[in-house]
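Novice: sequence first, predicted model second:
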Amino acid sequence: MHRLFVAIDLPDEVKRELAKLRREEIQGARWVPVEQLHLTLRFIGEVDDATFEAIRQALGAVRGGQFPLAVQLVGHFPPRKSPHVLWVGADAGESLADLQGQVEDAVQTAGLAPEHRPFSPHITIARLRETPPHVVAELEKRHQAFACAPFEVPSFHLYESTLTGKGAIHTVVRSYPLSAPTPSTEGR
């Protein structure tokens with residue numbers, strides 16, 4: 001069995017900026033290791049070898065160009081309820097939505113059921129357990145202007161996640177490059 005997800009990697013400089021949020025003393029927070037920070041396009045879960053191979057192949061049909069991604073804002077899930085996940089938002093407009101839609105179509109082509117939750121682009125930075133809502137609200141207020149410089153997304157990746165007693169280990173199974181932007185011929 002393979003436990004899989006599809007994600008966009010973050011550059012080291014963005015991970016360093018996100019790591020600064022770990023300085024916060026938050027009751028009940030289990031911070032995601034910096035090296036594991038990513039933006040999930042689709043969580044797949046456990047699949048057999050045949051489905052694993054079908055997913056690898058189907059993702060190869062995804063087409064799109066590179067695009068800039070902005071990482072900004074601090075929030076939590078679920079909204080208006082006791083917080084369980086602390087996240088930083090991600091915005092790339094239609095380019096990110098298009099890529100995620102193609103990834104979703106590809107995994108469905110490989111035989112997976114559709115994801116019924118709407119795509120909400122974010123980077124999970126901590127999992128929360130019994131963290132008082134007012135503590136999370138205060139953190140969000142302190143970091144309401146949080147933002148990293150936008151970066152170019154050159155590819156996306158199929159990951160395998162192995163659960164261990166010390167947490168999950170994420171391994172890139174295959175990378176899928178996005179096409180480089182073509183130089184503008186404007187003004188020539």
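Specialist: That came through, no problem.
Novice: strands along this structure, start to end?
Specialist: With DSSP state E as the definition, the chain shows strands at residue ranges 2-9, 29-31, 38-47, 67-77, 85-91, 122-128, 151-153, 155-164, 167-177.
Novice: surely residue 8 and residue 14 touch.
Specialist: No - Residue 8 is not in contact with residue 14 according to C-beta atoms under 8 Å; the separation is 10.7 Å. Where you see a C-beta, it was placed from the backbone N, CA and C, and this is true even at glycine.
Novice: which residues touch residue 162?
Specialist: Shown in contact with residue 162 (C-beta atoms under 8 Å, 6 or more residues apart in numbering): 3, 168-169, 171.
Novice: state the distance from it to residue 36.
Specialist: Applying C-beta to C-beta, to the nearest Å, the value for residue 162 to residue 36 is 12 Å.
Novice: any shared contact partners between those two?
Specialist: residue 168.
Novice: pull out the buried positions in stretch 11-31.
Specialist: Residues of stretch 11-31 classed as buried: 11, 14-15, 17-19, 21, 24, 26, 29, 31 (neighbour count, 16 or more other C-beta atoms under 10 Å).
Novice: what's the closest of those residues to residue 46?
Specialist: Nearest to residue 46 among the buried residues of stretch 11-31, counting by C-beta to C-beta, is residue 31 at 25.4 Å.
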